[in-house]
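Visitor: Here is my input; please provide its structure:
(one chain, ligands or ions: 1)
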Amino acid sequence: EESQSFYDAVGGEEAFRRLVHRFYQGVVTDPILMPLYPEDDLEGAEERLRMFLIQYWGGPSTYSAQRGHPRLRMRHNPFVIRSAERDAWLRHMHDAVISLALPDDLEKRLWDYLVYAAHSMVNAPEV
Ligand code: HEM
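Guide: Predicted structure coming up:
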């Protein structure tokens, strides 16, 4: 179908569930990132990122129903994000994207967005 959303094209909720789960499996091993995340609510963090990405790509808008407007830059203000944090985040996200084994065009669209979004989340100068 011509108007099929990206969400449907990649395989719906299941694909995003696998993507974000794989990403967090990397985060928990990462000495740069792990201190930033809430130790006692990693499942919640995983759910929030999954819901956001699902909504962004045309799936159900459960994220905004539960969390309101994304305002992601503002929500990341409590965390110091320099190029080191950005690159660590992208490294685990890259593993996760590759693990989905999507068709090249879909993989590129997803990855290009994540790179762009991660660069826009940097909020602190280099030391
Ligand atoms: C939340 C770190 C980039 C989407 C968080 C949290 C941390 C974090 C520590 C709090 C976890 C929680 O309790 O939910 C980072 C770092 C990044 C990054 C170090 C490096 C650039 C991104 C990008 C996106 C994103 C590129 C979107 C494509 C989100 C979302 C939440 C979140 C949706 C939950 C917001 C909420 O509803 O409270 N991030 N993040 N993050 N992040 Fe990131």
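Visitor: per-residue confidence for the residue nearest the centre of the chain?
Guide: Note on the chain: the residue nearest the mean C-alpha position is Leu49, at 5.5 Å, using Cα atoms, centre = their mean. In this model, Leu49 is scored at 98, pLDDT.
Visitor: And the helices in this protein, which stretches?
Guide: Using DSSP state H, the helices assigned to the chain run over residues 6-10, 12-27, 42-56, 62-67, 72-75, 83-99, 104-120.
Visitor: got TSV for these, with distance to the ligand too?
Guide: Placement of C-beta: from N, CA and C, glycine included. Output for these, formatted as TSV (distance: least, Cβ to the nearest ligand atom, whole Å):
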stretch	distance to the ligand
helix 6-10	14
helix 12-27	9
helix 42-56	3
helix 62-67	4
helix 72-75	5
helix 83-99	3
helix 104-120	4
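Visitor: can you list these in a markdown table and add distance to Met34?
Guide: A markdown table is the format used below for the helices of the chain (distance: least, Cβ to Cβ, whole Å):
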| stretch | distance to Met34 |
| --- | --- |
| helix 6-10 | 28 |
| helix 12-27 | 7 |
| helix 42-56 | 9 |
| helix 62-67 | 23 |
| helix 72-75 | 19 |
| helix 83-99 | 10 |
| helix 104-120 | 17 |
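Visitor: among those helices, which is nearest Leu36?
Guide: helix 83-99 (7.1 Å; Cβ to Cβ).
Visitor: what separates the residue nearest to Leu49 when sequence neighbours are not counted from Ser3, distance-wise?
Guide: Sequence neighbours aside, Val20 is the residue nearest to Leu49 in space, at 5.2 Å (criterion: Cβ to Cβ, 6 or more residues apart in numbering). According to Cβ to Cβ, to the nearest Å, Val20 and Ser3 sit 25 Å apart.
Visitor: So which of these two has more stuff around it?
Guide: Between Val20 and Ser3, counted using other Cβ atoms under 10 Å, the more crowded position is Val20 (22 against 6).
Visitor: Now for the residue nearest to Arg48 when sequence neighbours are not counted, how many residues are close by?
Guide: For Arg48, ignoring the flanking residues on the chain, the nearest one in space by Cβ to Cβ, 6+ apart is Arg67 at 6.7 Å. Residues lying near Arg67 (other Cβ under 10 Å) number 14.
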